[in-house]
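>>> quick one, what's the 3D model for this:
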Amino acid sequence: MRCNKDIVLVGRNILLVPYQVKHVPTYHGWMLDEDLRLLTASEPLTLEQEYEMQRKWQADEDKLTFIILAHEGKFSGPEDALPSDTCVSDFPMIGDVNIFFSASRLTVSSSGLHSDDGIQEEEFTAEAEIMIAGIWDKFHTQLGPD
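Numbers count the residues shown, from 1 in each chain. Presented below is the predicted three-dimensional model:
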């Protein structure tokens, strides 16, 4: 979504940055893992298809996609940092967050119950999906495929 293209959300141990072209190779590498695709209900894509998906997601009006970067408390950049700042981009990718927005029209009566003779209101909902993949590599290596 275009509205998050210059946003960095700073947490205690992570940063959320917009999904950019530079993230695609790492993301694609994660999605080559069949187990991870199964867990995320994802289809296998070629690298070129992954680049196309990134472009599509960036322009999507009802979805926000962020990449999760692990800073482990070491972020010392400004609160208004940009995704392109080196104080942001040097941290490793560990996953992504997708937020899907939807709106629907409701008819509400004065009593708050659904009614055909009530007024029209829009109800907005959001669904968040969080994937932590960067630690998947370590977890999978330490414990093996079983």
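
>>> which residues of this protein score low on pLDDT?
Within the chain, the ranges that satisfy pLDDT under 70 run 1, 106-119, 135-146.

>>> report the secondary structure state of the residue nearest to the spatial centre of it.
Of all residues in the chain, the one closest to the mean position by CA atoms, centre = their mean is residue 97, 2.4 Å from it. Assigned with DSSP: H, G, I helix; E, B strand; the rest coil, residue 97 falls in the strand class.

>>> dump the residue contacts of it.
For residue 97, the contacting residues are 16, 64, 65, 66, 68, 128, 129, 130, 131, by CB atoms under 8 Å, 6 or more residues apart in numbering. All C-beta spots, glycine's among them, are computed from the backbone N, C-alpha and C.

>>> change it to 6 Å
Counting by CB atoms under 6 Å, 6 or more residues apart in numbering, residue 97 makes contact with 66, 130.

>>> distance of it from residue 57?
12 Å (CB to CB, to the nearest Å).

>>> list the contacts of the biggest helix by length in the chain.
Counting by DSSP state H, the longest helix found in the chain is helix 47-59. For helix 47-59, contacts defined as CB under 6 Å, 6+ apart pick out 19, 24, 28, 65.

>>> immediately after it, which helix or strand?
Sequence-wise, the next helix or strand downstream of helix 47-59 (DSSP states H and E) is strand 63-70.
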